[in-house]
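> the following block contains a protein sequence and its predicted model.
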Amino acid sequence: MGREHWKKIWVGSAGNMVEWFDWFVYASFATYFAGAFFPEGNDTAKLMNTAGIFAVGFFMRPVGGWLLGRVADRKGRKYALTLTVTLMSASAVLIAVAPTYGVAGYGGAVVLLIARLLQGLSVGGEYAASATYLTEASAPEHRGLASSFQYVSMTVGQILGLGLQIVLQRTMSDDALHSWGWRIPFIIGALGAAVVFYLRRNMLETEVYDESAGDTPEDEKGTLKALWVYRREAFLVIALTMGGTVAYYTYTTYLTKYLSNSAGLDKETATLVSFCALIVFACLQPLAGSLSDRVGRRPLLITFALGSTFLTVPIMTLLQHVGSFWPALGLSLLALLVITGYTSINACVKAELFPTGVRALGVALPYAIANALFGGTAEYVALWFKNSGVESGYYWYVAGCAAVSLIVYLTMRETRDIDLNRVGADARRPAAPRTPRDASTAPTP
């Protein structure tokens, strides 16, 4: 890829990194601020309260996906990406200054809820806008590689959050972290978002979007009516996302809590396991993305689904009984290696299904719906199983979701060689009769 392509990928990824830093520090620091917004009681119950608010953010993602996906299709990817980071900055500030239960009763929880609603709006649009931008900004033969940087930046955002948590754990007392130290990452997130806002204001629009500006009527761009034409592709996005998002959130946001609450590791060791595993995970994304440019998207997706279907139960069972850092790290790496088949290429696979005029909305809305139903509830479902005394039921739930996605991967078409400027080109016009020359020169599907 040329220098201009890499510049676009860098700017798009940097913003995505800050967005997901803010999104994930909520989950990673929840064990410290869970007691700040709710009255004293059962620790698992307090985590379930914060996990419930975490899930509410996911239920706003379809709204954000629809609203900001529409903006990205009508006003451009750059405009939408600038707007998403503004919303994320505002939500980080709200969490940083939210009053505790001792000061304002449940008022602090209300502020926390509002902040998560804003985060849900922001991330609902960020995923689609960045997935679309990274896919469109790359050379056609490197779309898998370029789009893999979405999960690189997402993972780096989480690594930075966990790295900050490790630093704070080693430089502050446990009481200080529970009292006020948990606010620090949200302050840093708000400052980082301000920097990214400046970068995104000066970013370049994708050539695919500019060149396709007249292909779709202005009043149809980013509309639900236009998306309905591609309803099969939209349902496909929901189905192929189902298994991947459950597995991803299980082995990233929930992993630290699982190692701490279920495996019995102390918080510091559990955090270090996640931190080290995610560094390797981030490095795997470009390798797998580049591989998909050579062999196609479906082989990687199928490999993920098979591994997640048959390995989730044994991996989670073994993790529950690890007693030290190295076994926990090894099993975590195995799980993350499996889901790399999904995370590295899911952005480009979804973007390759839709035409330019509805691409951002087509990625955003069905993906956000799938995340609201499965990704956002993963942690809450896991804690519900644990609280009910049947924690192993969650392992089978994750495997079952992967099995459903496996069926989809086996039946979907390959998208690697699709021309982004011609996706759905004939969907709105009647087919013209072929001449003998048309038939002889037509490309093989």
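In hand now; what should we look at?
> from here on, just use CA atoms for contacts and neighbour counts.
Fine.
> what separates whatever helix or strand residue 136 lives in from the chain centre, distance-wise?
Counting by DSSP states H and E, the element that carries residue 136 is helix 107-137. On the basis of C-alpha atoms, centre = their mean, to the nearest Å, helix 107-137 sits 10 Å off its chain's mean C-alpha point.
> and for stretch 324-336?
Relative to the centre of its chain, stretch 324-336 is centred 22 Å away, using C-alpha atoms, centre = their mean.
> give me the mean pLDDT for it.
Stretch 324-336 shows a mean pLDDT of 96.
> cool, stretch 32-52 as well?
Mean pLDDT, stretch 32-52: 68.
> can you check stretch 189-205 too?
The average pLDDT within stretch 189-205 is 87.
> ok, and what's touching it?
8, 11-12, 14-15, 18-19, 21-22, 76-79, 81-82, 85-86, 88-90, 92-93 (C-alpha atoms under 8 Å, 6 or more residues apart in numbering).
> pLDDT below threshold where in this structure?
1-2, 38-51, 54-55, 213-216, 424-445 (pLDDT under 70).
> give me that answer again for 50
Low-confidence segments of the chain, defined by pLDDT under 50, span residues 426-445.
> just give me the residue closest to the centre of this structure.
residue 127 (6.5 Å; C-alpha atoms, centre = their mean).
> so residue 128 sits against residue 69, correct?
Yes. Counting by C-alpha atoms under 8 Å, residue 128 touches residue 69, with 6.6 Å between them.
> what touches both of those two?
360-361, 363-364.
> how about these in TSV, adding neighbour count?
Shown next, in TSV, are these (neighbours: other C-alpha atoms under 10 Å):
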residue	neighbour count
360	36
361	33
363	31
364	34
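> in CSV: these, plus secondary structure and distance to residue 187.
What follows is those, written out as CSV (DSSP: H, G, I helix; E, B strand; the rest coil; distance: C-alpha to C-alpha, whole Å):
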residue, secondary structure, distance to residue 187
360, helix, 30
361, helix, 31
363, helix, 31
364, helix, 28
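> ok, and the closest non-adjacent residue to residue 53?
Counting by C-alpha to C-alpha, 6 or more residues apart in numbering, residue 113 is the residue found nearest to residue 53 once chain neighbours are left out, at 6.1 Å.
> pull up the gap between residue 320 and residue 338, please.
19 Å (C-alpha to C-alpha, to the nearest Å).
> with residue 146 instead?
Taking C-alpha to C-alpha, one finds residue 146 at 20 Å from residue 338.
> over to residue 266?
In this structure, residue 266 and residue 338 are 26 Å apart, going by C-alpha to C-alpha.
> these two: who's more crowded?
residue 338 (21 against 14; other C-alpha atoms under 10 Å).
> quickly find the element holding that one.
helix 325-343.
> need the contact partners of that helix.
By C-alpha under 8 Å, 6+ apart, helix 325-343 touches 148, 151, 244, 247-248, 251, 269-270, 273-274, 276-277, 280-281, 284-285, 288, 300-304, 307-308, 312, 315, 318-319, 322.
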